[in-house]
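A.B. asks: Structure for the following, please:
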Amino acid sequence: MARILVVEDEQSLNDLIARLLRHEGHSVRQAFDGEAALIEVRASLPELIILDWMLPKLDGPSVASRIRDNDLLVPIIMLTARAEESDLILGLEAGADEYVTKPFKNRELIARVRAHLRRQGMHQEAIAESIAEAPAAAPEMPTAGPITINLDGRAAFLHGEEIDLTPKEFDLLALFVQNAGRAFSRDYLLERVWGDEVFVNDRTVDTNVQRLRKKLGEEAEMIRTVWGVGYKLQRDG
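C.D. replies: Predicted coordinates for the structure are as follows:
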């Protein structure tokens with residue numbers, strides 16, 4: 001199964017989550033503060049991280065940000081008792097892929113873990129098939145105006161400079177660039193980018209678009225709101 005890191009300072013909750021995941025067949029490592037979490041990430045290279053917001057020494061958003069600064073695309077599910085929209089956006093911008101709000105049901109957490117791992121597995125299979133079928137092929141790099149997407153390397157570039165994106169932000173921007181000028185509804189974007197993940201909604205799309213616009217800087221207006229429909233990428237800004 002998968003290597004999973006659980007980062008939660010409350011011993012009983014950390015142990016409970018670890019037991020649930022081990023029952024699912026996963027290999028689980030545990031950390032109880034932010035600094036220990038980063039040490040575990042480097043040592044065990046987890047395939048998924050469950051990360052509490054409030055941690056000793058280094059909080060959850062700071063841990064997520066440092067993980068992303070090292071170009072690790074591991075899915076991060078953040079646990080939080082904070083429900084304010086500004087807090088949720090802060091965590092997403094730091095690099096979390098989604099939230100589970102405390103208190104949560106055990107089945108809800110396991111469902112989210114399964115969804116992320118299923119998506120990761122499909123992505124890895126697609127990469128392996130691509131390499132096997134065309135090992136010498138040049139990387140596919142669609143462009144739209146100043147934006148270039150390296151699909152094989154999962155990297156995006158703006159005016160030749162790489163943009164720091166989370167996995168979901170990359171998938172969303174790649175879809176826009178490959179279909180520049182086409183308007184997408186929020187429902188379509190949820191289905192295409194988030195697949196069968198649970199507990200996502202229209203606000204999930206809006207938040208990720210907001211983050212993409214921020215990272216595009218002066219080119220933010222390339223992502224246009226299509227009123228009554230959703231969003232599209234304007235090829236020439």
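
A.B. asks: Okay, helices next: where are they in the protein?
C.D. replies: 11-23, 34-44, 60-69, 85-94, 106-133, 167-178, 186-189, 202-216 (DSSP state H).

A.B. asks: Buried residues in stretch 67-86, which are they?
C.D. replies: If you call a residue buried by 16 or more other Cβ atoms under 10 Å, then stretch 67-86 has these buried ones: Ile67, Arg68, Leu73, Val74, Pro75, Ile76, Ile77, Met78, Leu79, Thr80. In this view, the C-beta of every residue, glycine as well, is placed from N, C-alpha and C.

A.B. asks: Quick check: which of the residues you listed has the minimum pLDDT.
C.D. replies: Lowest pLDDT among those: Leu73, with 77.

A.B. asks: Isn't it up against Leu165?
C.D. replies: No: using Cβ atoms under 8 Å, Leu73 is not in contact with Leu165; the gap is 9.3 Å.

A.B. asks: where does Lys214 land on pLDDT?
C.D. replies: pLDDT, Lys214: 93.

A.B. asks: Quick check: it vs Ala174, distance?
C.D. replies: 18 Å (Cβ to Cβ, to the nearest Å).

A.B. asks: Repeat that for Glu24.
C.D. replies: Counting by Cβ to Cβ, the separation of Glu24 from Ala174 is 30 Å.

A.B. asks: what's the burial count for Arg22?
C.D. replies: For Arg22, the neighbour count with other Cβ atoms under 10 Å is 13.

A.B. asks: That one touches Gln30, doesn't it?
C.D. replies: No: Arg22 is beyond contact range of Gln30, at 10.7 Å (criterion: Cβ under 8 Å).

A.B. asks: which ones are touching the spatially most central residue of the chain?
C.D. replies: Nearest residue to the geometric centre of the chain (Cα atoms, centre = their mean): Asp97, 3.6 Å. Residues in contact with Asp97 (Cβ atoms under 8 Å, 6 or more residues apart in numbering) are Pro75, Ile76, Ile77, His116, Thr166, Pro167, Lys168.

A.B. asks: Let me know the closest of those to Lys102.
C.D. replies: The shortest gap between Lys102 and any of the contacts of Asp97 belongs to Ile77, at 12.3 Å (Cβ to Cβ).

A.B. asks: in the protein, what spans have low per-residue confidence?
C.D. replies: The chain contains residues with pLDDT under 70 at 71, 83-87, 120-139, 196-199, 236-237.

A.B. asks: mind redoing it with 50?
C.D. replies: 123, 127, 131, 134, 136 (pLDDT under 50).

A.B. asks: gap between Asp152 and Thr101?
C.D. replies: 36 Å.

A.B. asks: same check, this time on Glu191
C.D. replies: Distance, Glu191 to Thr101, by Cβ to Cβ: 23 Å.

A.B. asks: neighbour-wise, which of these two wins?
C.D. replies: Neighbour totals were compared for Glu191 and Thr101, and Thr101 leads with 14 against 11 (other Cβ under 10 Å).

A.B. asks: what's in contact with stretch 28-41?
C.D. replies: With contacts defined as Cβ under 8 Å, 6+ apart, stretch 28-41 is touched by 3-9, 11, 14-15, 18, 21-22, 44, 46, 49, 51, 55-60, 62-63, 66-67, 72, 74.

A.B. asks: sorry, back to before: Lys214 and Ala174: which is more packed in?
C.D. replies: Between Lys214 and Ala174, counting by other Cβ under 10 Å, Ala174 is the more crowded of the two (19 against 10).
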